[in-house]
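In: take this sequence and fold it.
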Amino acid sequence: MPDRINKTPASVPGPFYVDETCIDCDICRNAAPQFFRRNEDSGYSYVYRQPTTAEEVALADEARNGCPTESIGDDGAA
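Out: From the prediction side, this is the model:
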């Protein structure tokens, strides 16, 4: 279960976020590279752009659903 309080520091504000349980598996970055990037220094993913359209939300949700550690959260509100 993702924890907003422990989100990765690079994640931009908004409903989608990545928490500190990220294992840097690359699944989210492959599924939705327009929203997720890798922190090269610390080795974790973060949300660098929030989705804005229904199609973009669907892509971000695909990444969230594929996360093996359930590190991606969606609070559902901007």
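
In: what is the burial count for Pro9?
Out: Per other CB atoms under 10 Å, the neighbour tally for Pro9 reads 9. (Each C-beta comes from the backbone N, C-alpha and C, glycine too.)

In: partners of the residue nearest to it when sequence neighbours are not counted in the sheet?
Out: Computed as CB to CB, 6 or more residues apart in numbering, the closest residue to Pro9 that is not its neighbour in sequence is Tyr46, at 7.8 Å. Counting by DSSP bridges, Tyr46 is bridged to Arg37.

In: ok, Tyr46 touching Asn39?
Out: Yes - Tyr46 lies in contact with Asn39 (CB atoms under 8 Å); the separation is 5.9 Å.

In: mind listing what the residue nearest to Pro9 touches?
Out: By CB atoms under 8 Å, 6 or more residues apart in numbering, the contact list for Tyr46 reads Thr8, Pro9, Ala10, Ser11, Val18, Phe36, Arg37, Arg38, Asn39.

In: could you work out the most separated pair of those residues?
Out: Pro9 and Phe36 (14.8 Å; CB to CB).

In: okay, now the unreliable bits of this protein?
Out: 77-78 (pLDDT under 70).

In: can you dump the C-alpha coordinates of the helix of greatest length in it into PDB?
Out: Counting by DSSP state H, the longest helix found in the chain is helix 54-66. Provided in PDB are the C-alpha atoms of helix 54-66 (Å, rounded to 0.1, in the frame of the first residue of the first chain):
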ATOM      1  CA  ALA A  54      -8.400  10.500 -19.200                       C
ATOM      2  CA  GLU A  55      -6.000   8.700 -21.600                       C
ATOM      3  CA  GLU A  56      -3.000   9.800 -19.600                       C
ATOM      4  CA  VAL A  57      -4.600   8.800 -16.300                       C
ATOM      5  CA  ALA A  58      -5.200   5.300 -17.800                       C
ATOM      6  CA  LEU A  59      -1.500   5.100 -18.700                       C
ATOM      7  CA  ALA A  60      -0.400   6.200 -15.200                       C
ATOM      8  CA  ASP A  61      -2.900   3.700 -13.700                       C
ATOM      9  CA  GLU A  62      -1.400   0.900 -15.800                       C
ATOM     10  CA  ALA A  63       2.000   1.700 -14.300                       C
ATOM     11  CA  ARG A  64       0.500   1.800 -10.800                       C
ATOM     12  CA  ASN A  65      -1.200  -1.500 -11.300                       C
ATOM     13  CA  GLY A  66       2.000  -3.100 -12.600                       C
END
